[in-house]
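Undergrad: here you go, sequence then predicted model.
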Amino acid sequence: MKKLLTILILVGSMSFIEAAPIKKPKKDLTEEQKELLEKMEARLDEIKAMDFKSMSKEEIKAVKEEMKEMKKEADGKGIYLSIGAIIIIILLLILLL
């Protein structure tokens with residue numbers, strides 16, 4: 001009887017649990033950042049309108065480099081660690097201590 005009651009309580013309590021997504025607060029952009037964003041969007045629209053078939057390889061390469069730079073600038077500055085790097089750091093800390 002105790003097992004049945006325990007199972008019913010567990011099943012009943014699980015129906016009330018609901019996972020909610022984690023909401024990150026949005027960052028407000030400064031006026032400079034808004035202007036830069038508008039310029040970048042305008043330039044991307046210009047690039048999308050370009051005819052790449054009539055361009056030389058050097059011109060296409062320059063456009064790709066420009067787009068890579070804009071992507072780096074838009075992503076911001078951050079440090080990203082892979083899972084492997086984290087594991088290696090933890091192992092080194094364990095071995096050194």
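TA: Thanks, I have it. Residues are numbered from 1 along each chain as shown.

Undergrad: how far away is Lys48 from Ala42?
TA: Here the distance between Lys48 and Ala42 works out to 11 Å (Cβ to Cβ, to the nearest Å). Every residue, glycine included, has its C-beta placed from N, CA and C.

Undergrad: please disregard the earlier target; I meant Lys2.
TA: When distance is defined by Cβ to Cβ, Lys2 is 70 Å away from Ala42.

Undergrad: same thing with Lys71?
TA: 16 Å.

Undergrad: Leu92 too?
TA: The value you get for Leu92 to Ala42, if Cβ to Cβ is used, is 47 Å.

Undergrad: neighbour count for Lys48 and Ala42, which is higher?
TA: In terms of neighbours (other Cβ atoms under 10 Å), Ala42 is the more surrounded of Lys48 and Ala42; the figures are 10 against 7.

Undergrad: beyond the host helix or strand of the more buried one, next helix or strand please.
TA: Ala42 belongs to helix 31-49 when elements are defined using DSSP states H and E. Toward the C-terminal end, the helix or strand that comes next after helix 31-49 (DSSP H and E) is helix 57-75.

Undergrad: in that next one, what counts as buried?
TA: Counting neighbours by 16 or more other Cβ atoms under 10 Å, one finds that the buried residues in helix 57-75 are Met70.

Undergrad: beyond that helix, next helix or strand please.
TA: The element immediately downstream of helix 57-75 (helix or strand, assigned by DSSP H and E) is helix 83-96.

Undergrad: gap between that next one and the chain center?
TA: Centre-to-centre, helix 83-96 and its host chain are 24 Å apart (Cα atoms, centre = their mean, to the nearest Å).

Undergrad: one more: stretch 84-97?
TA: Its chain's C-alpha centre lies 26 Å from the corresponding centre of stretch 84-97 when counted by Cα atoms, centre = their mean.
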